[in-house]
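# Could you look at this predicted model? Sequence included:
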Amino acid sequence: MSYYSVIHKDGTESHFVWCQKSRQFILSKMLETAVIYSNGSQECQRMSMLLKSLGGEFHEYVLEKDFTIKQFVSEFGLDAEFPQVAIGNRHIGSMKDTLQYMSDRGMFL
């Protein structure tokens with residue numbers, strides 16, 4: 001299955017799934033999946049706990065188990081810090097970026 005998303009002029013997103021059987025795109029309501037790229041540090045553990053507590057699907061990729069430092073740098077750049085977080089189809093960034101993103105969207109009470 002292939003997932004696609006379209007960002008409309010008004011800033012909203014629509015998500016689609018390519019259905020091979022019917023050979024057409026189907027509008028999808030994708031759940032927000034959280035992904036964290038971790039090196040096992042205390043900050044990564046804290047971010048993992050926070051993301052897990054928010055519910056939904058959660059994946060944690062660990063350095064030297066699921067990816068190499070070379071792959072990490074290639075994906076996120078030389079200045080990227082651990083953890084790196086993606087929510088849904090959007091790469092959010094570092095722990096600070098993720099906390100700001102969550103705060104801006106009212107995910108904290």
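On my side now, so go ahead.

# who's in contact with the residue nearest to G40 when sequence neighbours are not counted?
Nearest non-adjacent residue to G40, counting by CB to CB, 6 or more residues apart in numbering: V62, 6.5 Å away. In short, each C-beta sits where N, CA and C put it, glycine included. If you count contacts by CB atoms under 8 Å, 6 or more residues apart in numbering, V62 has them with 38-40.

# With respect to R46, which of those is nearest?
Checking the contacts of V62 against R46 by CB to CB gives S38 as the nearest, at 10.6 Å.

# need the contact list for that closest one.
44-45, 47-48, 60-63, 82-83.

# Just say helix, strand or coil for the residue nearest to G40.
Three-state assignment for V62 (DSSP: H, G, I helix; E, B strand; the rest coil): strand.

# likewise C44?
Classified using three-state DSSP, C44 is helix.

# now N89: how far from F82?
Distance, N89 to F82, by CB to CB, to the nearest Å: 21 Å.

# and those two? which has more neighbours close in?
Taking other CB atoms under 10 Å, N89 and F82 do not tie; F82 has more neighbours (18 against 14).

# isn't that one right up against C44?
Yes: under the criterion of CB atoms under 8 Å, F82 makes contact with C44 at 5.6 Å.

# In contact with the residue nearest to S38 when sequence neighbours are not counted, which residues are there?
Excluding the flanking residues, the one nearest S38 by CB to CB, 6+ apart is C44, at 3.8 Å. Applying CB under 8 Å, 6+ apart, we find C44 in contact with 36, 38, 82-83.

# Report the secondary structure state of the spatially most central residue of the chain.
Central residue of the chain (CA atoms, centre = their mean): A86, 1.9 Å from the mean position. Assigned with three-state DSSP, A86 falls in the strand class.

# Look up how far S38 lies from it.
Plainly put, A86 is 12 Å away from S38 if you go by CB to CB.
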